[in-house]
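1. Give me coordinates for this.
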Amino acid sequence: MGGTIPPKRMGNQATATVRYDGETHEAKVLLETDEVIVRGGLKLKIPFRDIREAKPAGDTLVLRWKGHELRVPLGGDAAKWAEKIRNPKSRVEKLGVKAKQKVCAIGSLDGEFLAELEKSGADVSRKLRRDSDAIFAALESGGDLAFERWRQFLQAAGSIWVVRPKGNPAITEMEVMQAGRAAGLVDVKVVRFSATHTAEKFVIPLTRR
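-> Numbering: from 1, shown residues only. Modelled structure (predicted):
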């Protein structure tokens, strides 16, 4: 066996024996919005913009950048990861925003994200509106969580996204999750919003729509 562990894959995460510049390491590999992160026995952060080659070699993903090479065994997912790295989705695509949807953007959302929403063709408002397809609420404190109020402006199949700073004790993941569930919502997805912020998605359960 040589100490090699069989790869374990779940969506955009994999735990496996990787080869970095010819040396083997046991590591966890994460495919993020715009970078590949390696943790564990090897620590790397590889922005997509630095990657010069991303291709499948059998069941292994091969990445080359700045004189380095990383090989990650991914089984049948190698080609999918390579495609996502070569042609990454935009942030609004990962957040599920589509043209003509009614989107509310409240709180301290940056101008760049608002411009991305407009470019997607969504109907964007900085105020809450009835029957919204998506509500993005950027918060700095757990005291600003208002799921009960936001839900009143959401259409049945819509979504509420809470955008919060990473690692900020003023508004924690657990606090957000508990508040959403208390309002009768379910948390279904977490997305890396930016280098400093994360976004958590909540929807109305199917049985209550």
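2. got the domain boundaries for the protein?
-> Domain ranges of the chain: 8-86, 91-208, per automatic domain parsing.
3. Reformat those into TSV and put mean pLDDT and mean neighbour count next to each item.
-> Placement of C-beta: from N, CA and C, glycine included. Compiled in TSV, the domains of the chain are given as follows (pLDDT from 0 to 100; neighbours: other Cβ atoms under 10 Å):
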stretch	mean pLDDT	mean neighbour count
domain 8-86	93	16
domain 91-208	95	16
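4. What are the boundaries of the helices in the protein?
-> With DSSP state H, the ranges of helices along the chain come out as 78-86, 91-94, 111-119, 147-151, 173-182.
5. So which elements touch the third one?
-> Where contact means 3 or more Cβ pairs under 8 Å, 6 or more residues apart in numbering; DSSP states H and E, helix 111-119 is packed against helix 91-94, strand 102-107, strand 123-125.
6. From the chain's centre, how far out is the first one? Work that out for me.
-> I take that to be helix 91-94. 9 Å (Cα atoms, centre = their mean, to the nearest Å).
7. One more: stretch 148-160?
-> A distance of 21 Å separates the centroid of the chain from that of stretch 148-160, by Cα atoms, centre = their mean.
8. repeat for stretch 162-175
-> How far stretch 162-175 lies from its chain's middle: 15 Å, per Cα atoms, centre = their mean.
9. ok, and what's touching it?
-> Outside stretch 162-175, the residues within contact range by Cβ atoms under 8 Å, 6 or more residues apart in numbering are 107, 109, 136-142, 144-145, 176, 180, 193, 196-200, 202.
10. and that stretch, C-alpha only, in PDB?
-> Extracted in PDB, the C-alpha atoms of stretch 162-175 (Å, rounded to 0.1, in the frame of the first residue of the first chain):
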ATOM      1  CA  VAL A 162     -26.900  35.900   4.100                       C
ATOM      2  CA  VAL A 163     -23.500  37.400   3.300                       C
ATOM      3  CA  ARG A 164     -21.300  37.800   6.300                       C
ATOM      4  CA  PRO A 165     -17.600  38.300   7.100                       C
ATOM      5  CA  LYS A 166     -15.600  35.100   7.600                       C
ATOM      6  CA  GLY A 167     -14.400  34.500  11.100                       C
ATOM      7  CA  ASN A 168     -16.300  37.400  12.600                       C
ATOM      8  CA  PRO A 169     -17.600  36.600  16.200                       C
ATOM      9  CA  ALA A 170     -20.200  39.300  15.800                       C
ATOM     10  CA  ILE A 171     -22.100  37.000  13.400                       C
ATOM     11  CA  THR A 172     -21.300  33.300  13.400                       C
ATOM     12  CA  GLU A 173     -22.300  30.500  11.100                       C
ATOM     13  CA  MET A 174     -24.200  28.800  14.000                       C
ATOM     14  CA  GLU A 175     -26.000  32.000  14.800                       C
END
